[in-house]
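A.B. asks: Build me a model from this:
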Amino acid sequence: MIGVDIGGTNLLVGIIEDGKVLTRSHQPIVAGSNFEAVVSQTCNSIVALAGDAFSSVGISVAGSVDSKRGYVLRAQNLDWDNVPLAEAVSKKLACPVVIENDVTAAAWGEYTYGGGVGSDSIFAVWIGTGIGGGLILNGKIWRGPLGTAGEFGMGISEQNPSLKIRVLEEYASRSALQRILNNPELDTEAIMQGYGSNDKFTEAVNNGAQRIGTSIANVITLLSLDKVILGGGLVEALGEPYIEVIRQQFLADVFPAHCRQCELSITKLGPDAGLLGAASLSTS
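C.D. replies: Below you'll find the predicted structure:
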């Protein structure tokens, strides 16, 4: 199986076998806003890595997608709107191609090979440059009639209704921390170094983590799930102390108390979750 992850700035391709990435290539996307150029780079990378030893390709994309039609509806960092990614790659490689939102693909990867194995339903939350979610219900990806189920960059209620910024991503993602700490160059490594040692960094990160905990509590109250998997660059860098802040706020807010048994845990697959999930979807 071939799994591909097209992010905002990087392209990852992997050969997958028995739920493991056997070999991979990683490179910067050379011309993000040029759709045809990225399609060519993707296909060339697949062929360079796997030759002709593949029969299908699964692609996870950082953006909103219509998986049935194979279209990327909007990829913010690539500045793509309504582009036929599956068809374009399929024509060049002469094989079936499936595309999926990156966090939904990661959720499927965890459900199939990682922390969700043995569970019937899971909710995945990925926290990095932005915040995204993926929802598996009764063994199937749940997208909903409008196609966006699981999305987790949701609006949040703040005590001050006059605030113009009312989206979770704007308080709890890495890009949010760049804004809050007034440092547009702030990267995950610097956040990791400052967390727990720099009061200003720690307060900003924990304030975002508490909002995430409350938002997860709302999801679990609504859907009554018993497992949430957390991943993404910030989660993987900050680890259990960060997750514990999220968990404690979740426990304080979830209703009814019976739902406190829901388990919040860190990804088992890490950055490979999307690759593995996309590859699996290409053969299902």
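
A.B. asks: give the contact list for Tyr132.
C.D. replies: Small correction: residue 132 is Gly, not Tyr. Residues near Gly132 by Cβ atoms under 8 Å, 6 or more residues apart in numbering: Asn101, Asp102, Val103, Val125, Trp126, Glu151, Phe152, Gly153, Gly232. To be clear about C-beta, it is placed using only N, CA and C from the backbone, and glycine gets the same treatment.

A.B. asks: can you tell me the helix or strand for the closest residue to Gly194 other than its chain neighbours?
C.D. replies: Of all residues not flanking Gly194 in the chain, Phe201 sits nearest, at 3.3 Å (Cβ to Cβ, 6 or more residues apart in numbering). For Phe201, the host element (DSSP states H and E) is helix 199-223.

A.B. asks: Run through the neighbouring helices and strands of that helix.
C.D. replies: Here helix 199-223 touches strand 122-127, strand 131-137, helix 169-172, helix 174-180, helix 188-194, strand 227-231, helix 233-253, going by 3 or more Cβ pairs under 8 Å, 6 or more residues apart in numbering; DSSP states H and E.

A.B. asks: got the angle between that helix and strand 227-231?
C.D. replies: Angle, helix 199-223 to strand 227-231, by axes from the mean of the first three to the mean of the last three Cα atoms, to 10 degrees: 150 degrees.

A.B. asks: distance between helix 199-223 and the chain's centre?
C.D. replies: In terms of Cα atoms, centre = their mean, to the nearest Å, the centre of helix 199-223 is found 17 Å from the chain centre.

A.B. asks: Tell me which of the helices and strands packed on helix 199-223 sits most buried.
C.D. replies: strand 122-127 (a mean of 27; mean count of other Cβ atoms under 10 Å).

A.B. asks: re earlier: report the two of the contacts of Gly132 separated the most.
C.D. replies: Glu151 and Gly232 (14.3 Å; Cβ to Cβ).

A.B. asks: more neighbours, the two?
C.D. replies: Gly232 (26 against 19; other Cβ atoms under 10 Å).

A.B. asks: Just to check, that one is in contact with Ala124?
C.D. replies: No. Using Cβ atoms under 8 Å, Gly232 is not in contact with Ala124; the gap is 9.5 Å.

A.B. asks: returning to what we had before: check what pLDDT the residue nearest to Gly194 gets.
C.D. replies: At Phe201, the model reports a pLDDT of 94.

A.B. asks: Likewise for Ala62?
C.D. replies: 89.

A.B. asks: Count the residues that sit near it.
C.D. replies: So Ala62, with other Cβ under 10 Å, has 25 neighbours.

A.B. asks: Report all helices and strands that the helix or strand harbouring Leu264 contacts.
C.D. replies: Assigned by DSSP H and E, Leu264 belongs to strand 263-266. Applying 3+ Cβ pairs under 8 Å, 6+ apart, one finds that strand 263-266 makes contact with strand 227-231, helix 233-253.

A.B. asks: Relative to Glu169, which of these is closest?
C.D. replies: helix 233-253 (11.9 Å).

A.B. asks: The host helix or strand of Asn44 packs against which elements?
C.D. replies: Asn44 is part of helix 35-50 when elements are defined by DSSP H and E. Here helix 35-50 touches strand 2-6, strand 10-17, strand 20-28, helix 85-93, going by 3+ Cβ pairs under 8 Å, 6+ apart.

A.B. asks: try 10 Å this time
C.D. replies: strand 2-6, strand 10-17, strand 20-28, strand 57-61, strand 71-75, strand 80-83, helix 85-93 (3 or more Cβ pairs under 10 Å, 6 or more residues apart in numbering; DSSP states H and E).

A.B. asks: List the buried residues of it.
C.D. replies: With burial defined by 16 or more other Cβ atoms under 10 Å, the residues of helix 35-50 counted as buried are Phe35, Val38, Val39, Ser40, Gln41, Thr42, Cys43, Ser45, Ile46, Leu49, Ala50.

A.B. asks: quick one: contacts for Lys68?
C.D. replies: Ala86, Arg143, Gly147 (Cβ atoms under 10 Å, 6 or more residues apart in numbering).

A.B. asks: What strand or helix carries the last one?
C.D. replies: Secondary structure assignment for Gly147, by DSSP H and E: no helix or strand.

A.B. asks: Thanks again, I'm all set now.
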